[in-house]
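1. got a predicted structure plus its sequence, pasted below:
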Amino acid sequence: MRFSLSMTTGTERPISAGDIAAYGTLAEELGFYAVYLTDHYYHSGPNFHSVGAAAAVAATTSTIKIGFSAYQAPLRHPIAAAKELGHLDALCEGRLIAGLAAGSFDKEIDAFALPFKSRGAMLGESLEVYKRLWTEDNVSHAGKFWSFENVTLQPKPVQDPYPPIWIGTWTAASRAARQVAEHAAGWQSSGLHTSVGEIPAGWAYIEKACAEIDRDPASIGRAYVNGVIHIAENADKAWAEFTRHSNGNRERDLCFMGNADDVAGHVTALRDTGVEEISFLLGVDAHETIKAIAADVMPKFN
């Protein structure tokens, strides 16, 4: 089991590059696999500019992976997105994980004057364009949502042929499963929306999509990202403390609540479904919780 962190603000105060760097370097020192950035221009509370925050992590770390959980492809023109992601891969010297998603916050997508019901199709078209822009010169594209002619992005990404693509979904049904099978190195199921019990059904959709294109599903990784965690003496106390200070509504069954053994039990249940990586959603100031995970939870899975 790999352990990662999904960095969010967790505070309304201004966040500096130094704050972001301290989080990234702590995660690297404690042996976490990756730091992911959540990606919103606006939401129900404060949030990072995800690409800027990822660049700050890249500048102050050297080994930890850096990615997104997940970058909302429909909110950017594919040329802009391919440039951002390709340049980030250079900034971190080939450590980028391109975690991509269609997005789910309807108010944000509506604010960009984008058709909410078309966001999955927009992600699919973006995936095709990214891969061409990362590997080809003089790219022309005529699609349903975007068209352009003779575009060359230089330099190309550091990783060959491009950063690993992971696709974030809730349950990976239907179109999402096909996109994972056709384009992705891995599937990011959502710790904010996907229960342990729903993961096998989502994986079955992916296996079916792989069979249709003759791909071995074993070549696709499985991660559980943005898991909400609060550590206390027991699960009830953790939940009471968390709800007292939380600004958002969460489903208790989705959250990692309690002491190290309670959290480890939840992680074990995920591992038993085939999940290989878990990423905890923690604010930029949550250093003590990060240290507690590294000291008390991670060693149980060595």
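-> Structure received. Numbers count the residues shown, from 1 in each chain.
2. show residues contacting stretch 213-226.
-> 2, 4, 6, 36, 38, 69-70, 99, 166, 168, 180-182, 184-192, 194, 199, 203, 206-207, 210, 270, 273-279, 281 (CB atoms under 8 Å, 6 or more residues apart in numbering). In this view, the C-beta of every residue, glycine as well, is placed from N, C-alpha and C.
3. buried ones in that stretch?
-> 215, 217, 220, 221, 222, 223, 224, 225, 226 (16 or more other CB atoms under 10 Å).
4. how about the CA coordinates for the helix or strand hosting residue 53, as PDB?
-> Element membership for residue 53, per DSSP states H and E: helix 50-60. Extracted in PDB, the C-alpha atoms of helix 50-60 (Å, rounded to 0.1, in the frame of the first residue of the first chain):
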ATOM      1  CA  SER A  50      -3.500  24.000  -8.300                       C
ATOM      2  CA  VAL A  51      -0.800  24.400 -10.900                       C
ATOM      3  CA  GLY A  52       0.900  27.200  -9.000                       C
ATOM      4  CA  ALA A  53       0.900  25.200  -5.900                       C
ATOM      5  CA  ALA A  54       2.300  22.100  -7.700                       C
ATOM      6  CA  ALA A  55       5.100  24.300  -9.100                       C
ATOM      7  CA  ALA A  56       6.000  25.300  -5.500                       C
ATOM      8  CA  VAL A  57       6.200  21.700  -4.400                       C
ATOM      9  CA  ALA A  58       8.300  20.900  -7.500                       C
ATOM     10  CA  ALA A  59      10.800  23.600  -6.600                       C
ATOM     11  CA  THR A  60      11.500  22.400  -3.100                       C
END
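5. in terms of secondary structure, what does the next helix-or-strand element following that helix contact?
-> Going down the chain from helix 50-60, the next helix or strand is strand 65-68, by DSSP H and E. Applying 3 or more CB pairs under 8 Å, 6 or more residues apart in numbering; DSSP states H and E, we find strand 65-68 packed against strand 34-37, helix 50-60, strand 96-101.
6. quick one: strands adjacent to strand 65-68?
-> Partners of strand 65-68 in the sheet, by DSSP bridges, are strand 34-37 (parallel), strand 96-101 (parallel).
7. and residue 176, which of those strands is closest to it?
-> strand 96-101 (9.1 Å; CB to CB).
8. surely residue 293 is in a helix?
-> Yes - under DSSP: H, G, I helix; E, B strand; the rest coil, residue 293 falls within a helix.
9. pretty sure it sits against residue 280.
-> Yes - applying CB atoms under 8 Å, one finds residue 293 in contact with residue 280, separated by 6.5 Å.
10. got any residues that touch both of these two?
-> Residues touching both residue 293 and residue 280 (CB under 8 Å, 6+ apart): 3, 229.
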